[in-house]
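> A structural model of the following input is requested.
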Amino acid sequence: MRRLDAASGLIFSALLAACSGGTAPAPESAARATAVAAASAGFGEGRGPGRGDGQVTVMTRNLYLGTDLMRITAAASPADVPPIAGTMWAIVQMTDFPARARLLADEIEDLSPDLVALEEASLFRTGPGAACRGLPTPATTVALDFLAVLQAELASRGLAYTVASSIDNFDGQLCAYDPATGFLDVRLTDRDVILARDGLVTADPRSGHYAASSALPAAGGFIPVVRGWNTLDVKVHRSWLRFAMTHLELEGAAAVQEAQGRELAALATTGPERVILAGDFNAGPELSGVTTTYGDLLAAGFRDPWPRLHRRDPGHTCCFDELLLTGTLTDRRDLTLYRGGLVPLATVRFGTSDRTSAGLHPSDHAGVATVFQVRGPEL
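Numbering: from 1, shown residues only. Predicted coordinates for the structure are as follows:
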């Protein structure tokens, strides 16, 4: 743990007050220090299943694919697609995931989660412009693999995390025009992933796609947007819990998102009594007038640890701007919900103040990590 010695007693005291619900919102400049202090108080080394204390630490992190996919909806005809797709690909490179991955790996090193939910773990592949000639040939040359880059950063720190469950969601290819190189194929595969700390006892990894889906209008047609889920059963001390993660549809397609939320609740609760849901839900307290998903999950028996432990801090997690240079977090949609015999001990938001050397935020979202104590009969 590289940063724990830097945490001040003042911040540590503030965290303890947060656990009793009495803290005021921390300034953005102190967000990283607060997360580090949390590592001293219950995150980080010496915690987690398999260490005899009956605790589990989970994290959710939207990695941000690097550009705004909604740009493609401005294409009124096929001729509009290449310049828009070329701009999007240029922005992906400008938002520099390899540099951001170093900050993301720092977060995982500092907070030492047992389970990590990664949304938008994107895979970009390029090709010689088959799509520009109307051919269905898929691009196969890996240009940027977010998961591989992040795993390499973790390995360089001696951190052992393996992919415990993964789902490929949206997989689309566009003809892009680059003024420097001409036409090329750019293929994006959107993935959601559960990383598990080595040494965990796990079972029954599952994944799948939701029955409900939406589509982006573009060039006179529609691009299907497929979304999915992952679940994993984890043994904590002598009890089992289910960890489920997802990235639900945008709140603008509320009916689709709400159907996905109902499907998630059903599949997450057909197993162990203890369940943790983590991910980017595109729903939360501030969006309750737009989508019912957050309320539906609470009605299904899930509880939200954030308002219990941070009564005066809304904990907004979304969103910085497309270029990751500016923007304000205005709502909380990255959540760690739970039900059954679990007690949340501490929960922190992080990723609001660290920047790359070029001034980029690690993602357009903040991340959330929560420590749970397992209680109830041991199995």
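> what segments of this protein are helices?
Per DSSP state H, the chain carries helices over the ranges 9-19, 31-41, 81-94, 97-111, 146-156, 254-268, 293-299, 305-309.
> distance of the residue nearest to residue 95 when sequence neighbours are not counted from residue 334?
Leaving out its chain neighbours, the residue that sits closest to residue 95 by Cβ to Cβ, 6 or more residues apart in numbering is residue 66, at 4.4 Å. Just so you know, the C-beta spots here come from the backbone N, C-alpha and C atoms, and that holds for glycine as well. With distances taken as Cβ to Cβ, to the nearest Å, residue 66 is found 18 Å from residue 334.
> circling back: of all the helices of the chain, which one comes closest to residue 198?
Nearest to residue 198 among the helices of the chain is helix 146-156; the distance by Cβ to Cβ comes to 10.8 Å.
> spit out the contact partners of residue 182.
Residue 182 is in contact with residue 129, counting by Cβ atoms under 8 Å, 6 or more residues apart in numbering.
> output the helices of the chain in JSON lines; the columns should cover mean pLDDT, mean neighbour count and distance to residue 372.
Shown next, in JSON lines, are the helices of the chain (pLDDT from 0 to 100; neighbours: other Cβ atoms under 10 Å; distance: least, Cβ to Cβ, whole Å):
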{"stretch": "helix 9-19", "mean pLDDT": "30", "mean neighbour count": "16", "distance to residue 372": "13"}
{"stretch": "helix 31-41", "mean pLDDT": "48", "mean neighbour count": "23", "distance to residue 372": "14"}
{"stretch": "helix 81-94", "mean pLDDT": "97", "mean neighbour count": "19", "distance to residue 372": "35"}
{"stretch": "helix 97-111", "mean pLDDT": "98", "mean neighbour count": "20", "distance to residue 372": "14"}
{"stretch": "helix 146-156", "mean pLDDT": "98", "mean neighbour count": "18", "distance to residue 372": "22"}
{"stretch": "helix 254-268", "mean pLDDT": "96", "mean neighbour count": "20", "distance to residue 372": "15"}
{"stretch": "helix 293-299", "mean pLDDT": "97", "mean neighbour count": "18", "distance to residue 372": "17"}
{"stretch": "helix 305-309", "mean pLDDT": "97", "mean neighbour count": "19", "distance to residue 372": "8"}
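> would TSV of those with distance to residue 340 be doable?
Shown next, in TSV, are the helices of the chain (distance: least, Cβ to Cβ, whole Å):
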stretch	distance to residue 340
helix 9-19	21
helix 31-41	23
helix 81-94	40
helix 97-111	23
helix 146-156	30
helix 254-268	11
helix 293-299	14
helix 305-309	13
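> nearest to residue 202, out of the ones you listed?
Between residue 202 and the helices of the chain, the shortest gap by Cβ to Cβ is with helix 254-268, which sits at 15.8 Å.
> run the chain-centre distance for the closest one.
Helix 254-268 sits 18 Å away from the centroid of its parent chain (Cα atoms, centre = their mean, to the nearest Å).
> go on, stretch 365-376?
14 Å.
> list the buried ones in it?
Buried residues in stretch 365-376, counted by 16 or more other Cβ atoms under 10 Å: 365-372, 374.
> also stretch 196-206?
Under the neighbour-count criterion of 16+ other Cβ under 10 Å, stretch 196-206 has 196-197, 200, 202, 205 buried.
> repeat that for stretch 129-146.
129-132, 139, 143-146.
> quick check: the farthest pair among these?
Taking Cβ to Cβ as the measure, the buried residues of stretch 129-146 span a maximum distance of 25.2 Å, between 132 and 146.
> what strands flank the longest strand along the chain, and is each parallel or antiparallel?
Secondary structure of the chain per DSSP state E: the longest strand is strand 161-178. According to DSSP bridges, strand 161-178 forms sheet pairs with strand 182-197 (antiparallel).
> how far off centre is the partner strand?
14 Å.
> okay, the closest residue in space to residue 201 that isn't next to it in sequence and residue 207: tell me how far apart.
Leaving aside its sequence neighbours, residue 201 sits nearest to residue 235 (Cβ to Cβ, 6+ apart; 3.9 Å). Counting by Cβ to Cβ, the gap from residue 235 to residue 207 is 20 Å.
> excluding its backbone neighbours, what's nearest residue 157?
Excluding the flanking residues, the one nearest residue 157 by Cβ to Cβ, 6+ apart is residue 109, at 5.2 Å.
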